[in-house]
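Participant: The amino acid sequence is not available; the structure is as follows:
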């Protein structure tokens, strides 16, 4: 990428500082997109400099950059979109967490998804308590009807039906729910 | 009374800026209707028509999105300066969608007129 010709050290410094911020802001995008954004911003800066009315180079540059805005802010939607795509195609929990963090400011929808994912923590809690307090943990029936999944204070008179299958069952259900929620997020984001 | 007036104008300013933001992609497509433009030119044109006050940089992610939805296409054109320009133009789908947006907009304007009578 060719940088615009700048006469003063000060302008060069401002320019490379800004380009560095752009590079950092798009570092999570795929290579081709990164290059594309960088070249386009570079071109924008060049065109802005060309239109400067003969005044001070540094001032024209600063003015152009100010009108462009903060790269971390205006490039955020691209990064957020990209993360969301990554999250819903790889199903990687790390990407899902990052995608939620980046998108949560964009509407109530992602807040709902975050809450859905958080409900999965219930299964983690049940597994933990099955290990530490197996007597009071399980899927309990009372008089043949569903009573509770989780921890009960008094297990007498209730029938625990899962036994040693509780932990595997929790894991299977949690994974299934995770897949369903993530798939749902993929479908909804496409709109 | 004075208090009421400032309240109202603040409300309207907010309303106007929301309107402009909401209409941004419509304006961008409209500006590209007759002519392909490169980024800087496109922004100048949008600003001239809407006096919008967003950071100019926000136009680039928007163009990226329009490209991904297939409404615009782009090509790099080499320049003598050695710094190429990226030109945007409407695709056939873009023209189609723009016409639909135009119809919707006109319908909306008509019904608003009927209400205000």
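Facilitator: Thanks, I have it. The shown structure was predicted, so the numbers you read here are calculated from the model rather than taken from an experiment.

Participant: what does stretch A:60-71 contact?
Facilitator: Counting by C-beta atoms under 8 Å, 6 or more residues apart in numbering or on different chains, stretch A:60-71 makes contact with A:6, A:11, A:14-15, A:18, A:21-22, A:25, A:41, A:44-45, A:48-49, A:52-53, A:74, B:54-58, all of which sit outside it. (Glycine included, C-beta is placed from N, CA and C.)

Participant: Could you list which of those belong to helices?
Facilitator: If you go by DSSP state H, the contacts of stretch A:60-71 have A:11, A:14-15, A:18, A:21-22, A:25, A:41, A:44-45, A:48-49, A:74 in helices.

Participant: In a markdown table: the residues you listed, plus neighbour count.
Facilitator: Written out in a markdown table, the entries for the ones in helices among the contacts of stretch A:60-71 read as follows (neighbours: other C-beta atoms under 10 Å in any protein chain shown):
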| residue | neighbour count |
| --- | --- |
| A:11 | 20 |
| A:14 | 19 |
| A:15 | 20 |
| A:18 | 20 |
| A:21 | 16 |
| A:22 | 22 |
| A:25 | 21 |
| A:41 | 26 |
| A:44 | 25 |
| A:45 | 24 |
| A:48 | 20 |
| A:49 | 18 |
| A:74 | 22 |
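
Participant: pLDDT value on the residue of chain B found nearest chain A, please?
Facilitator: Nearest residue of chain B to chain A (C-beta to the nearest C-beta) works out as residue B:55 at 2.6 Å. Residue B:55 carries a pLDDT score of 88 in this model.

Participant: where does the residue lying farthest from the centre of chain A land in three-state SS?
Facilitator: Relative to the C-alpha centroid of chain A, counting by C-alpha atoms, centre = their mean, residue A:157 is the outermost residue, at 45.9 Å. Local secondary structure at residue A:157 is given as coil here, using DSSP: H, G, I helix; E, B strand; the rest coil.

Participant: Over to residue B:79?
Facilitator: Secondary structure for residue B:79, judged by three-state DSSP, is coil.

Participant: tally of neighbours for it?
Facilitator: Residue B:79 is flanked by 14 other residues according to other C-beta atoms under 10 Å in any protein chain shown.

Participant: Pull up the gap between it and residue A:11, please.
Facilitator: 20 Å (C-beta to C-beta, to the nearest Å).

Participant: Alongside chain B, which residues does chain A contribute?
Facilitator: Residues of chain A that fall close to chain B, judged by C-beta under 8 Å from any C-beta of the partner chain: A:2, A:4, A:33, A:37, A:39-44, A:46-48, A:67-71, A:73-75, A:77-78, A:81.

Participant: which among those end up buried?
Facilitator: Neighbour counting over the residues of chain A next to chain B (16 or more other C-beta atoms under 10 Å in any protein chain shown) leaves A:4, A:37, A:39-44, A:46-48, A:68, A:71, A:74-75, A:77-78, A:81 as the buried ones.

Participant: Hmm, residue A:95 is touching residue A:87, no?
Facilitator: Yes. A contact is recorded between residue A:95 and residue A:87 when judged using C-beta atoms under 8 Å, the distance being 4.0 Å.

Participant: what sits against the residue lying closest to the residue farthest from the centre of chain A once chain neighbours are set aside?
Facilitator: Sequence neighbours aside, residue A:142 is the residue nearest to residue A:157 in space, at 6.6 Å (criterion: C-beta to C-beta, 6 or more residues apart in numbering or on different chains). Residue A:142 is in contact with A:157-159, counting by C-beta under 8 Å, 6+ apart.

Participant: Which of those residues sits closest to residue B:50?
Facilitator: Within these, the smallest distance to residue B:50 is 66.5 Å, found for residue A:158 (C-beta to C-beta).

Participant: contacting residues around the closest one?
Facilitator: A:140-142, A:147-148, A:152.

Participant: Great, nothing more from me.
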